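Undergrad: got a predicted model here, sequence first, then my questions.
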Amino acid sequence: MAPRDAHAAIDAVWKLESARIVAGLTRMVRDVGLAEELAQDALVAALEQWPEQGVPGNPGAWLMTTAKRRAIDRIRRDERLHRKQEEIVHALEGLDQGVDDDVLRLMFISCHPVLPAQERAALTLRLLGGLSAQEIARAFLVSEQVAAQRIARAKRTLAQEQVPFELPSGPELADRLASVLEVIYLIFNEGYTATSGDDLMRPSLCLEALRLGRLLAELAPREAEVHGLVALMEIQQSRSAARTGPSGEPIQLHKQNRGRWDQLLIRRGFAAMLRAREAGGPLGPYVLQAAIAVSHAQAKTAAETDWAQIAALYEALVRLAPSPVVQLNRAVALGMAHGPHAGLDLVGTLVADPALKDYHLLSVVRGDLLARLGRHDEASTEFERASALTRNEAERAFLRNRAATGATRAAGITLGQAARDFLARDSLGPETIRSYGQTLRRLLLDLGSGTPLAEVTAQKVARVFAVAWGTTAAKTWNRHRAAVRSFASWASAGDLAAELGRKPESRERRPALDSARLEALWRHPSLRERTFWRLLHESGAAARAALSLNVEDLDLAGHRGRVGARSGGAVWISWAHGTAALLPELVAGRTRGPLFLADRRPAPARRPGPADLCPETGRGRLSYERAEYLFKQATGGTLRQLSGAGLCVREAQSRPDNAVGGAHEHGRSWTEIGDAAGTTNDSARKQWGP
């Protein structure tokens, strides 16, 4: 079997079976984190064996059996669980029984009250939905890094608290129900409209969410919100066959062939809605959303849809669960019920919401409303922006096609063309291009790369700044402002920064770390971080200078290292015994390349130059941004707070290469060396920046 075919099969099986495998293993080992690790081990084994041996007849069972064997080996190696071997063996005999109950137990564990609400949802999406951190981040409108941190913290907390693998009952069930419903809802949404990939939908996720919802309805038959969510999912799923065209392209709701809607699922949705009403109690968000779905399902044609009723239901939903996404849906209903101007007015208030700045459906809705008003050029810009934001290929192609339809702009230089020419100038260095590029990418994203440069105004730029950088530090705001001014001056586009006032920057510096916090840093488990931080503290060198050190330029005996040219103009960094004790272990086995290495090898598309690549390990140089982030994670501060009594010294061009070394050998202090070189501590640091 071709490796590509095997990998595709493995990916499909993993998406379908991972929740069951992790749930079964959790029942065995009573540790969610360990269970996922064992399941991943089985996945690695499949990646190694299936391309050569072929995909087994029952791939899910193969993965489960492999994972069980790994679990048994792990338990036998663990002395703390030696007494539980008989219990584990007994559990193995009935492991394949009650799989659905195991998945449900896993769901309630991941939604345990010991976890914050956001971590509950993220962990359950990871374990039961098989979603990546990136997909979870899109669902919650957060960064991928934040989503990954939530998952890791949740697993660690569950292990520390020793949460039992059992179904809750009574009051505890009610407390944990809201989080469980949220998770099932998000799993279904990811399947209904995939955030990434080639296909618009991921049917397996929709079916998994429906299965879990139905199981939950059996467990909590008197909970109206459970039945409301099931009704919502049944009716939404009924449209799946009509939502895509022959080539997988999306078909909008009002253009769908309603004869292809699954009437059985619609009837099941209506029945679930009746059970929700029989359960009584105040209307909840899922019951209200189900009522909206019922209104759509009852209309035989798009023209018969009762949009006034749907708008009223969304208004009630906004009062109950206010969020920018609900307001966006309400804007669609208002636009259909009372005309596009009504919807556009509401959307205008959402454009300034930072939570939606990268939410592509905001631009889709605004583009639809503008197109209905005949403002096709503006609509084209919105569809172009939405296509740049979405990560779903089917949706991206659909939106690009809409952007190209109906546009009537006159010929002329566009914002995208001007930005490319501006960044392509030979006079700009790599760091300047990177800095300017960040600013211009946001302008292109929000204003549209196809927008004529003549139509870009200071008012439009100010709106972009307010959403993208309105809450950032003054230094960040001013940097982007300066980039806009430089671009506008070069392009003769007027003063595009006219409405962007310069923000005052604080000159206060954080105090250096006290001895207690320093001692905690010197005990950090990572040798790389511990060495880097110690070097900065003992040398007083700037972080960028220290990161540019190479192994071949170290003088370990002399407690110093050379940065820059080997001849005149070199920079020496000196350190004390704390750093000297750590460096031999850090450079063990390496003779050339960067001293401080990145965590992993770079991707082929982002391979650094030879000077920034270690020939022995293949890893790149640790970046300043990553180093600053790691220090902030450990202390909450910045690397500047590590400055000690040392000095980074630039040699005079006329001095011999060993001049500073000789001074060091004769016991002269770093300050004296700095004076001899005609510089001071402050000026030496300014040469290298922060």
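TA: Arrived safely.
Undergrad: spatially speaking, which residue is in the middle of the chain?
TA: E144 (1.3 Å; C-alpha atoms, centre = their mean).
Undergrad: any idea how far H524 lies from F532?
TA: 10 Å (C-beta to C-beta, to the nearest Å). Just so you know, the C-beta spots here come from the backbone N, C-alpha and C atoms, and that holds for glycine as well.
Undergrad: ignore what I typed, I meant V287.
TA: Counting by C-beta to C-beta - V287 and F532 are separated by 55 Å.
Undergrad: for those two, indicate the residue with more neighbours.
TA: F532 (27 against 24; other C-beta atoms under 10 Å).
Undergrad: what's near enough to touch the more buried one?
TA: Listed by C-beta atoms under 8 Å, 6 or more residues apart in numbering, the contact partners of F532 are 546-547, 596, 622, 627.
Undergrad: now it, what's its secondary structure?
TA: helix (DSSP: H, G, I helix; E, B strand; the rest coil).
Undergrad: low-confidence regions, this protein specifically.
TA: 1-4, 77-101, 139-141, 170, 175, 406-411, 507-510, 565-570, 603-606, 643-690 (pLDDT under 70).
Undergrad: mind redoing it with 50?
TA: Counting by pLDDT under 50, the chain shows low-confidence ranges at 81, 88-99, 644-690.
Undergrad: strands along that one, start to end?
TA: Under the criterion DSSP state E, the chain contains strands at 196-197, 391-392, 554-555, 560-563, 571-574, 648-650.
Undergrad: and the fourth one, what does it pack against?
TA: The criterion is 3 or more C-beta pairs under 8 Å, 6 or more residues apart in numbering; DSSP states H and E, and the helices and strands that strand 560-563 contacts are strand 554-555, strand 571-574, helix 659-665.
Undergrad: distance from that strand to the middle of the chain?
TA: Using C-alpha atoms, centre = their mean, to the nearest Å, the mean C-alpha position of strand 560-563 is found 38 Å from that of the whole chain.
Undergrad: and if you look at the third one?
TA: Between the centre of strand 554-555 and the centre of its host chain there is 40 Å, according to C-alpha atoms, centre = their mean.
Undergrad: quick one: strands adjacent to it?
TA: Strand 554-555 has the following sheet partners, assigned by DSSP bridges: strand 560-563 (antiparallel).
Undergrad: next: the first one.
TA: In its sheet, strand 196-197 lies beside strand 391-392 (parallel), with partners assigned from DSSP bridges.
Undergrad: which other residues reach the strand it pairs with?
TA: With C-beta under 8 Å, 6+ apart, strand 391-392 has contacts from 138, 193-197, 199-200.
Undergrad: are any of the residues you listed buried, and which?
TA: With burial judged by 16 or more other C-beta atoms under 10 Å, the buried subset of the contacts of strand 391-392 is 138, 193-196, 200.
Undergrad: show me what contacts L288?
TA: L288 neighbours (C-beta under 8 Å, 6+ apart): 228, 313, 316-317, 320.
Undergrad: let's see that with 7 Å instead.
TA: 313, 316-317, 320 (C-beta atoms under 7 Å, 6 or more residues apart in numbering).
Undergrad: could I get the contacts of strand 391-392 as JSON lines with distance to W62?
TA: Compiled in JSON lines, the contacts of strand 391-392 are given as follows (distance: C-beta to C-beta, whole Å):
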{"residue": "R138", "distance to W62": "31"}
{"residue": "T193", "distance to W62": "32"}
{"residue": "A194", "distance to W62": "27"}
{"residue": "T195", "distance to W62": "29"}
{"residue": "S196", "distance to W62": "27"}
{"residue": "G197", "distance to W62": "25"}
{"residue": "D199", "distance to W62": "26"}
{"residue": "L200", "distance to W62": "30"}
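Undergrad: which pair of these spans the longest distance?
TA: Pairwise distances across those (C-beta to C-beta) peak at 15.6 Å, for the pair R138 and D199.
Undergrad: neighbours of E249, how many?
TA: Count around E249 with other C-beta under 10 Å applied: 14.
Undergrad: any idea how far D198 is from it?
TA: Taken as C-beta to C-beta, the span from E249 to D198 is 12 Å.
Undergrad: could you do D495 as well?
TA: From D495 to D198 the distance is 44 Å (C-beta to C-beta).
Undergrad: buried stuff in stretch 315-332?
TA: Buried-residue list, stretch 315-332, by 16+ other C-beta under 10 Å: 317, 325-332.
Undergrad: and which of these is nearest W490?
TA: Closest to W490, out of all of the buried residues of stretch 315-332 and judged by C-beta to C-beta, is L328, at 36.9 Å.
Undergrad: hmm, the closest one is touching L362, no?
TA: Yes: counting by C-beta atoms under 7 Å, L328 touches L362, with 6.1 Å between them.
Undergrad: residues shared between the contacts of these two?
TA: Joint contacts of L328 and L362 (C-beta under 7 Å, 6+ apart) are L350.
Undergrad: list the buried residues for the top helix by length along the chain?
TA: Criterion DSSP state H: the longest helix present in the chain is helix 3-29. Buried residues in helix 3-29, counting neighbours by 16+ other C-beta under 10 Å, are found at 6, 9-10, 13-29.
Undergrad: can you give me the buried ones in stretch 571-585?
TA: 571-576, 579-580, 582-583.
Undergrad: look up how far L125 lies from the closest residue to T195 other than its chain neighbours.
TA: Leaving aside its chain neighbours, T195 sits nearest to R138 (4.2 Å; criterion: C-beta to C-beta, 6 or more residues apart in numbering). Applying C-beta to C-beta, the value for R138 to L125 is 11 Å.
Undergrad: next, count neighbours for A474.
TA: Count around A474 with other C-beta under 10 Å applied: 12.
Undergrad: got it, and Q53?
TA: By other C-beta under 10 Å, neighbour count at Q53 equals 11.
Undergrad: any idea how far it is from S132?
TA: Q53 is 27 Å from S132, by C-beta to C-beta.
Undergrad: try Q145
TA: On the measure of C-beta to C-beta, Q145 and S132 end up 13 Å apart.
Undergrad: so which of these two has more stuff around it?
TA: Remark: of Q145 and S132, S132 carries more neighbours, 16 against 11, as counted by other C-beta under 10 Å.
Undergrad: re earlier: out of D495 and D198, which sits in the more crowded spot?
TA: D495 (13 against 10).
Undergrad: next, give phi and psi for that one.
TA: phi -90, psi 90 (degrees, to the nearest 10).
Undergrad: which residue packs closest to E628, ignoring adjacent ones?
TA: L639 (5.8 Å).
Undergrad: what's the neighbour count on that neighbour?
TA: 22.
Undergrad: what does L207 give?
TA: 16.
Undergrad: likewise for R372?
TA: There are 16 residues near R372, going by other C-beta under 10 Å.
Undergrad: check contacts around the residue lying closest to it once chain neighbours are set aside.
TA: Spatial nearest neighbour of R372, chain neighbours left out: P340 (4.3 Å); criterion: C-beta to C-beta, 6+ apart. The neighbours of P340, taking C-beta under 7 Å, 6+ apart as the test, are 369, 372-373.
Undergrad: for P340, give its distance to A333.
TA: According to C-beta to C-beta, P340 and A333 sit 12 Å apart.
Undergrad: sorry, back to before: show me which of the contacts of P340 is closest to F631.
TA: Once C-beta to C-beta is applied, the member of the contacts of P340 that ends up nearest F631 is L369, at 46.6 Å.
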